[in-house]
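J.: fold the following for me, if possible:
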Amino acid sequence: MGRLKSIISTIITTPVSIALFGNAIAVSLNGMPWLTWAITAAGVAVSFNSIAIQSRAIRDDEVL
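T.: The predicted structure is shown next:
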């Protein structure tokens, strides 16, 4: 899967992602405790996955 290099898509995707994730956390805080933990675990998993993908892309793009 190729990386998207569009600045406009990044500018649009970032606030939308923050809003969706923030709303999910806010709703989960009023719900059951396991829901909060599940959303937190999913967020951590997505974050680590994003870091791994970006690290791999940086490593592959660098010229030694």
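
J.: remind me what the lengthiest helix in the chain packs against, helices and strands.
T.: Across the chain, the longest stretch assigned as helix under DSSP state H is helix 33-61. When contacts are defined as 3 or more CB pairs under 8 Å, 6 or more residues apart in numbering; DSSP states H and E, helix 33-61 packs onto helix 7-30. C-betas here are computed from N, CA, C, even on glycine.

J.: what distance do you get for Val16 to Gly22?
T.: 11 Å (CB to CB, to the nearest Å).

J.: tell me, how many residues neighbour Ser47?
T.: 10 (other CB atoms under 10 Å).

J.: state the pLDDT value of it.
T.: pLDDT recorded at Ser47 is 84.

J.: contacting residues for it?
T.: By CB atoms under 8 Å, 6 or more residues apart in numbering, the contact set of Ser47 is empty.

J.: so which bits of stretch 14-33 are buried?
T.: Buried residues in stretch 14-33, defined by neighbour count with 16 or more other CB atoms under 10 Å: Ala24, Ser28.

J.: need the residues that contact that stretch.
T.: Residues from elsewhere that reach stretch 14-33 (CB under 8 Å, 6+ apart): Leu35, Thr36, Ala38, Ile39, Thr40, Gly43.

J.: the fifth one - how many residues pack around it?
T.: In this case it means Thr40. 13.

J.: contact partners for it?
T.: Ile25.

J.: could you check the pLDDT of Ser50?
T.: What the model reports for Ser50 is a pLDDT of 83.

J.: could we number from 689 for the rest of this?
T.: In the new numbering, first residue 689, that becomes Ser738.

J.: for it, give its distance to Thr698.
T.: According to CB to CB, Ser738 and Thr698 sit 13 Å apart.

J.: next, count neighbours for Glu701.
T.: Careful, residue 701 is Thr and not Glu. Thr701: 12 neighbours (other CB under 10 Å).

J.: okay, now the unreliable bits of the chain?
T.: 689-693, 750-752 (pLDDT under 70).

J.: repeat that for 50
T.: Where the chain drops to pLDDT under 50, the residues are 689.

J.: who touches Gly731 in this structure?
T.: Here Gly731 is in contact with Phe709, Ile713 (CB under 8 Å, 6+ apart).
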